[in-house]
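Asker: Got a predicted structure here, sequence first:
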Amino acid sequence: MTLSMLYALIAGYLCGSIPFGLILTRAAGLGDVRQIGSGNIGATNVLRTGNKGLAAATLILDALKGFLPAFLAARHAPELGALAGLGAFVGHIFPVWLGFRGGKGVATYIGVLIGLAWNVALIFAAVWLLMALLFRYSSLAALTACVAVPVALVAFGRYEYAVTFAVMSLIVFFKHGANISRLRAGTESKIGAKG
C-alpha cells in the first residue's frame with residue numbers, strides 16, 4: 001500500500017466516523033440516540049425519536065460523508081476513491097469516538113456508491129424501491145440492493161470497484177444479522193407499521 005492509499009483510507013475513515021445522528025439529536029435536546037431503539041446512530045434509529053426532520057438530515061449527512069471522500073479521492077485515481085469510500089463506510093459502522101459502535105452503514109454505502117458509480121446507485125435505488133413495494137421490509141430491500149451492486153458493477157465493467165462493494169455488502173449483511181433473524185421468524189417490522 002502506498003502512502004497516498006493510506007492517506008485516502010485514513011481520511012475516509014475520519015470523515016465517515018463523524019456521528020451525525022448522535023450530534024443532531026443531542027443538539028436538538030433529544031438526548032443520546034444510542035439509548036433508544038436499536039442503539040444505532042443512523043437515520044432509522046433517529047427516526048424513533050419522532051423527529052422526521054432530524055432523521056432526514058442524518059440520512060443526508062451520513063450519505064454525504066461517504067460521497068465526499070470517495071468522489072474527491074476518485075478524481076485522482078479509482079483505487080484511491082475505493083479506499084476512501086471503504087474507509088468512510090467502516091468509519092460510520094465502527095467510529096473510534098464511540099467505542100467502535102456506530103450505524104449499519106446503508107446511507108454511507110449509498111453515498112460512496114453515488115460518488116464512485118452513480119449509474120449503479122440508480123440500480124440500487126430501483127432494486128430497493130421494487131423490494132420495498134413488493135414486501136414492505138426496509139431491511140430486506142437494502143440487503144437485496146446490496147447484493148445487486150457488485151453484480152451491476154461487474155456488468156458495467158467497473159471491476160475497480162466491484163471487490164470493494166462486495167466487501168461492503170458483506171459487512172452490511174453482518175450488521176443486519178438481527179434483522180435477518182427477524183425476517184426468517186416473520187417478526188421484522190414492515191414499512192409504515194406502528195411500534
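Answerer: Arrived safely. Residues are numbered from 1 along each chain as shown.
Asker: Please make it C-alpha for all contacts and neighbour counts, starting now.
Answerer: Noted.
Asker: which ones are touching V151?
Answerer: By C-alpha atoms under 8 Å, 6 or more residues apart in numbering, the contact list for V151 reads A162.
Asker: F173 against L143, yeah?
Answerer: Yes. Using C-alpha atoms under 8 Å, F173 is in contact with L143, at 6.7 Å.
Asker: Okay, buried residues for the least confident helix or strand in the chain by mean pLDDT please.
Answerer: Using mean pLDDT, DSSP states H and E, the weakest-scoring helix or strand in the chain turns out to be helix 43-47, at a mean of 89. Burial within helix 43-47, assessed by neighbour count using 16 or more other C-alpha atoms under 10 Å, is assigned to 43-47.
Asker: same question, stretch 55-62
Answerer: Buried-residue list, stretch 55-62, by 16+ other C-alpha under 10 Å: 55, 57-62.
Asker: And the nearest residue to N40 once chain neighbours are set aside, what's its pLDDT?
Answerer: Spatial nearest neighbour of N40, excluding adjacent residues (C-alpha to C-alpha, 6 or more residues apart in numbering): G103 at 4.9 Å. G103 is assigned 93 on the pLDDT scale.
Asker: Please apply the same query to the one 10 residues further on.
Answerer: In the predicted model, L113 carries a pLDDT score of 98.
Asker: Do I have it right that it meets I123?
Answerer: No. The pair L113 / I123 is not scored as a contact, 10.5 Å apart, by C-alpha under 8 Å.
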